[in-house]
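In: sequence? don't have it. structure:
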């Protein structure tokens with residue numbers, strides 16, 4: 001069964017634009033789970049422009065499904081993750097000033113740095129996923145340094161699909177099969193939406209989880225959170241029969 005993890009960063013962005021606690025990120029996360037989502041994702045950044053470290057601590061008591069914390073593995077980030085103890089951490093190669101994640105790790109080049117971080121997180125009982133491209137050499141390197149999963153960076157698929165090229169999914173299907181053969185679990189995220197998700201889920205094998213925030217929260221402005229989450233869950237049904 002492919003799980004839907006909803007990234008609530010954009011809810012925090014809206015709150016921060018005005019100050020105060022409206023909309024309430026914790027209340028939204030509780031609602032999202034009650035509507036059927038199987039996980040909550042956050043990506044705290046050093047400037048705290050959306051999710052804050054205080055939000056992450058507060059969400060720990062709210063998330064009853066799976067808590068996935070994404071981020072660049074600075075010492076401050078790692079200290080937060082180890083304090084909160086989520087089920088999963090997704091390491092991304094974002095520099096502090098990057099607006100949004102826009103590439104996977106160069107795992108081979110960063111192996112010596114990433115391996116002890118992975119081991120440190122796993123020793124605390126946290127599953128570790130690395131944000132990667134579809135490059136098989138990078139995927140193999142992720143397995144070699146002990147990652148539990150990869151998260152495929154799906155913007156190239158989304159761009160191809162929106163341009164009328166459904167075959168843009170093929171490299172992701174191959175990468176997922178290769179990752180499975182290396183003993184890795186497979187997650188995916190970035191620019192997945194209600195238009196392209198079904199095709200992706202139908203064609204990418206071994207897909208454990210998708211993490212979706214911007215598109216889902218944006219669509220919820222028109223259709224409401226409950227209806228939007230049901231739409232996304234319906235897109236995933238073919239992936240698990």
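Out: Nice, I can see it. In this text the structure is predicted, and so the values were computed from the model without any measurement.
In: if I pick the nearest residue to residue 177 once chain neighbours are set aside, what's in contact with it?
Out: Nearest in space to residue 177, with sequence neighbours left out and distances taken as C-beta to C-beta, 6 or more residues apart in numbering, is residue 205 at 5.6 Å. For every residue, glycine as well, the C-beta is placed using N, CA and C. Residues in contact with residue 205 (C-beta atoms under 8 Å, 6 or more residues apart in numbering) are 173, 176, 177, 180.
In: can you confirm residue 205 is in a strand?
Out: No - counting by DSSP: H, G, I helix; E, B strand; the rest coil, residue 205 is not found in a strand; it is coil.
In: ok, now how distant is it from residue 170?
Out: 12 Å (C-beta to C-beta, to the nearest Å).
In: and what of residue 104?
Out: For residue 104, the distance to residue 170 - C-beta to C-beta - is 18 Å.
In: neighbour count winner among the two?
Out: residue 104 (22 against 15; other C-beta atoms under 10 Å).
In: Check the secondary structure at the more buried one for me.
Out: Classification of residue 104 by three-state DSSP places it in coil.
In: Residue 111 now?
Out: helix.
In: Kindly tell me how buried it is, as a neighbour count.
Out: Applying other C-beta under 10 Å, I find that residue 111 has 15 neighbouring residues.
In: Next: residue 55.
Out: 22.
In: so what's the closest residue to it other than its chain neighbours up against?
Out: When the adjacent residues along the chain are set aside, residue 55 lies closest to residue 25, with 5.4 Å between them (C-beta to C-beta, 6+ apart). Contacts for residue 25 were tallied using C-beta under 8 Å, 6+ apart; they are 8, 11, 12, 15, 51, 55, 58, 59.
In: One more: residue 125?
Out: Residue 125 neighbours (C-beta under 8 Å, 6+ apart): residue 85.
In: Can you give me the buried ones in the helix or strand hosting residue 156?
Out: If you go by DSSP states H and E, residue 156 is part of helix 155-162. Of all the residues in helix 155-162, those buried under the rule 16 or more other C-beta atoms under 10 Å are 156, 157, 158, 160, 161.
In: Looking at the residues you listed, which one is closest to residue 21?
Out: Minimum distance to residue 21 across those is 32.6 Å, recorded for residue 158 (C-beta to C-beta).
In: what's the span of stretch 208-222 from first residue to last?
Out: End-to-end distance for stretch 208-222, by C-alpha to C-alpha, to the nearest Å: 28 Å.
In: what does it rub up against?
Out: Under C-beta under 8 Å, 6+ apart, the answer for stretch 208-222 is 2-11, 38-39, 41, 66, 68, 70, 90, 149, 151, 185-189, 191-194, 197, 200-201, 227-229, 231-232, 236.
In: Against residue 169, how distant is residue 88?
Out: Taking C-beta to C-beta, one finds residue 88 at 24 Å from residue 169.
In: Tell me the spacing between the residue nearest the centre of the chain and residue 40.
Out: Residue closest to the mean C-alpha point of the chain, counted by C-alpha atoms, centre = their mean, is residue 211 at 3.8 Å. As judged by C-beta to C-beta, residue 211 and residue 40 stand 10 Å apart.
In: Return every residue with contacts to both of the two.
Out: Overlap of the contact sets of residue 211 and residue 40 (by C-beta under 8 Å, 6+ apart) consists of 5, 6, 7, 68.
In: Now intersect the contacts of residue 205 with the helices, please.
Out: 173, 176, 177, 180 (DSSP state H).
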